[in-house]
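J.: Sharing a model prediction with you, sequence too.
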Amino acid sequence: GAVVSQHPSWVICKSGTSVKIECRSLDFQATTMFWYRQFPKQSLMLMATSNEGSKATYEQGVEKDKFLINHASLTLSTLTVTSAHPEDSSFYICSARAAGGVLSTGANVLTFGAGSRLTVL
Amino acid sequence: QKEVEQNSGPLSVPEGAIASLNCTYSDRGSQSFFWYRQYSGKSPELIMFIYSNGDKEDGRFTAQLNKASQYVSLLIRDSQPSDSATYLCAVKAGGYQKVTFGIGTKLQVIP
């Protein structure tokens, strides 16, 4: 089955620093990847849609200059939290859907990475 | 109105019983429906997806979809303590890439 690798699984950083999180699709090509954020006891909130070779699409209220997304290849998307602050501490999860536009069984299924827990001191 | 609504629970059922998890959605154009399981501190894992009205069974799990009522449910038969987790309902509108998640229902299976 489809596997998405996310790294690092946890990171602690000082306020004001930047943190990069990587998301890789290991056995399939992903033209689109999604970045979610989840605060404790809350639902997954979509932050942005990462499109290979083009600019990411950000959800309302998400600062694109703070959360930089790069999707340089069909298997890699990165999220960089710039000038992190304690309120950015959260569980960040990426997901991917296999390339191809044919609606077939499982074609719309999202596969999630293991998540990255960010703690900003 | 939230796009995808779920009761946050917790829903407690005894081991061996049927757990029934419910979800409603607001967008009538929604075409794809998913149930994910999320253990504490972990990322979601797919249990089932359903596209058509009716029931879809996979082992102990049955997903039910009623588009007219904008309602989707997940039944877990013979519930086990290992089923204790938060179950997320997710909905995707046709033609859009975005998948919207509910808040999740916490299920507790009591041994």
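T.: Cool, the structure landed.
J.: Which residues of chain B lie near chain A?
T.: Counting by C-beta under 8 Å from any C-beta of the partner chain, the residues of chain B close to chain A are B:32, B:34, B:36, B:41-46, B:49, B:88, B:90, B:92, B:97-104. Quick note: C-beta positions are derived from backbone N, CA and C, even for glycine.
J.: Drop anything exposed from those.
T.: Among the residues of chain B next to chain A, those buried by neighbour count (16 or more other C-beta atoms under 10 Å in any protein chain shown) are B:32, B:34, B:36, B:43-44, B:46, B:49, B:88, B:90, B:92, B:99-104.
J.: now, which of these lie within strands?
T.: B:Ser32, B:Phe34, B:Tyr36, B:Leu46, B:Phe49, B:Leu88, B:Ala90, B:Lys92, B:Val99, B:Thr100, B:Phe101 (DSSP state E).
J.: Would you check that B:Asp83 makes contact with B:Ile110?
T.: No. Judged on C-beta atoms under 8 Å, B:Asp83 makes no contact with B:Ile110 at a distance of 11.1 Å.
J.: Which of those two has more residues huddled nearby?
T.: Neighbour totals were compared for B:Asp83 and B:Ile110, and B:Asp83 leads with 18 against 11 (other C-beta atoms under 10 Å in any protein chain shown).
J.: Would you list the phi and psi of the more buried one?
T.: phi -80, psi -10 (degrees, to the nearest 10).
J.: which ones are touching it?
T.: B:Ala19, B:Ile76, B:Leu107, B:Val109 (C-beta atoms under 8 Å, 6 or more residues apart in numbering or on different chains).
J.: And stretch A:69-78, what's buried?
T.: Neighbour count says stretch A:69-78 has A:Ile69, A:His71, A:Leu74, A:Thr75, A:Leu76, A:Ser77, A:Thr78 buried, by 16+ other C-beta under 10 Å.
J.: what about it, near chain B?
T.: No. Using C-beta under 8 Å from any C-beta, stretch A:69-78 never reaches chain B; the gap is at least 13.2 Å.
J.: Kindly check the end-to-end length of that stretch for me.
T.: By C-alpha to C-alpha, to the nearest Å, the extent of stretch A:69-78 from end to end equals 6 Å.
J.: And for the closest residue to A:Phe34 other than its chain neighbours, the neighbour number?
T.: Of all residues not flanking A:Phe34 in the chain, A:Ser95 sits nearest, at 4.7 Å (C-beta to C-beta, 6 or more residues apart in numbering or on different chains). A:Ser95 has 24 neighbours, counted by other C-beta under 10 Å.
J.: Paired strands for the helix or strand containing A:Ser95, with orientation please.
T.: Assigned by DSSP states H and E, A:Ser95 belongs to strand A:90-97. Note on strand A:90-97: by DSSP bridges, its sheet partners are strand A:32-38 (antiparallel), strand A:111-112 (antiparallel), strand A:116-120 (antiparallel).
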